[in-house]
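> Model the structure of this input:
(one chain, ligands or ions: 2)
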Amino acid sequence: MSNIQHTLSIIKPDAVERNLQDQIKNEFKNHGFQILEEKKIHISKEEAERFYKIHESKPFYNDLCAYLSSGPIVVMKLQKDNAVIENRKLMGATNPKDAEEGTLRKKYGISIDKNSVHGSDSVENAKIELEFFFKN
Ligand code: IDP
Ligand code: MG
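Ligands and ions are numbered 1, 2, ... in the order given. So this is what the prediction gives:
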């Protein structure tokens, strides 16, 4: 039975800076994702703080928000069967060092903070995160 879902993907500043957005978009398409919406934006530190509010208490929160707002990013609304978990699988582990062969973070990530992509971690958070960037 099909279970079409939507999820948010972000191509982070380290990947945009290295001009990897087309390559990463092709990875999604080749893995059966449809990119329903996409935009390249440069968010403020305050917007990054709102987006990552869930991590407010973490020691890396300030650096994380400074980083996400340090340069242009590409935000995408992805669609696929079980899109949330399928995107998490394609991304790989948070730390590129721990990510499996073939995953985006293994292929493109530089470090735990410069790990090239963000993906929603649950259907509920996907809704919230998609609304954050694509309210219509
Ligand atoms: P995720 O991106 O795999 O969902 P989260 O735990 O939600 O991982 O963390 C959000 C982002 O915060 C990560 O993608 C990574 O860039 C950064 N991050 C996570 N843990 C650390 C850490 O221990 N040090 C520095 N940055 C971290
Ligand atoms: Mg997360």
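> Who are the contact partners of S122?
V84 (Cβ atoms under 8 Å, 6 or more residues apart in numbering). In this view, the C-beta of every residue, glycine as well, is placed from N, C-alpha and C.
> swap that for K80, sorry
Contacts of K80 by Cβ under 8 Å, 6+ apart are I4, Q5, H31, G32, F33, Q34, E86, N87.
> Would you mind listing the buried residues in the longest helix seen in the chain?
For the chain, the longest helix by residue count, based on DSSP state H, is helix 123-134. Buried residues in helix 123-134, counted by 16 or more other Cβ atoms under 10 Å: A126, E129, L130, F133, F134.
> what's the closest non-adjacent residue to the spatially most central residue of the chain?
Closest to where the C-alpha atoms of the chain average out (Cα atoms, centre = their mean) is H118, at 2.1 Å. Of all residues not flanking H118 in the chain, I10 sits nearest, at 3.9 Å (Cβ to Cβ, 6 or more residues apart in numbering).
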